[in-house]
Each structure stands twice: as C-alpha cells, then as structure tokens.
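A.B. asks: quick one, fold the following:
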Amino acid sequence: MKPIYNGMPAAELGEEGWHKPWSGGNGGNCVETMKLADGRVAVRQSSDPEGPALIYTRSEIAAFIQGAKAGKADFLVG
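C.D. replies: I've put the predicted structure just below:
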C-alpha cells in the first residue's frame, strides 16, 4: 500500500468510505471525511474529489470538533 500523506490526491484513497458529515444544503459543496485504518482522518472537498486530501491525527480532529462546539470557530461563519 502507498504511504498516506498530507496533500496527497484524495483519489488515491479510493471512493469507498467517504462521508459528508457537514453537508449544509449549499449546492453540493461539502466537506467529506474518511476515517483511515490507522485512526487518522482524511478530509477532502466534495466539489474536487480528486484534489488534495488533508490528513489529520485523531487528536487534531478531536481538538477541532471540541473547539467548534465551544464556539471557537464561530468567526468563520459570522
């Protein structure tokens, strides 16, 4: 298996296993995520499924979600 790295073409991760947890009715432009076998999480833009995948550790994703729940990302949409 090829190494998985930040910025790799998302298409190299395959098409199975991607989810749209943050779909917002915005014309199909969604963030898609995939949990990798080693616990990391891949993120891609649904409008560019062959573009780069950002790879985050479990702790990075947890910190982001906890921060968003606490309102620390509200400035992004305000």
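A.B. asks: now Ala42, what's its secondary structure?
C.D. replies: Secondary structure assignment for Ala42 (DSSP: H, G, I helix; E, B strand; the rest coil): strand.
A.B. asks: please verify my assumption that it contacts Val31.
C.D. replies: No. Under the criterion of CB atoms under 8 Å, Ala42 is not in contact with Val31, lying 11.0 Å apart. All C-beta atoms are positioned from the backbone trio N, CA, C, and that covers glycine.
A.B. asks: comparing the two, which residue is more hemmed in?
C.D. replies: Ala42 (20 against 15; other CB atoms under 10 Å).
A.B. asks: distance of that one from Glu15?
C.D. replies: Ala42 is 12 Å from Glu15, where distance means CB to CB, to the nearest Å.
A.B. asks: for Lys69, same thing?
C.D. replies: Distance check for Lys69 against Glu15: by CB to CB, it reads 30 Å.
A.B. asks: and for Gly51?
C.D. replies: Taking CB to CB, one finds Gly51 at 14 Å from Glu15.
A.B. asks: which one's more surrounded, these two?
C.D. replies: Per other CB under 10 Å, whichever of Gly51 and Glu15 has more neighbours is Gly51, with 12 against 9.
A.B. asks: from Asp38, how far out is the more buried one?
C.D. replies: 22 Å.
A.B. asks: any idea how far stretch 48-59 is from the chain center?
C.D. replies: Offset of stretch 48-59 from its chain centre (CA atoms, centre = their mean, to the nearest Å): 5 Å.
A.B. asks: which residues does it contact?
C.D. replies: Where contact means CB atoms under 8 Å, 6 or more residues apart in numbering, the residues beyond stretch 48-59 that reach it are 4-11, 13, 15, 18, 32, 34, 36, 39-45, 64.
A.B. asks: hmm, Arg40 is touching Ile4, no?
C.D. replies: Yes. Using CB under 8 Å as the test, Arg40 is close enough to Ile4 to be in contact (7.3 Å).
A.B. asks: which SSE is Asp48 in?
C.D. replies: Taking DSSP states H and E as the definition, one finds Asp48 inside no helix or strand.
A.B. asks: no further queries at this time; thank you.
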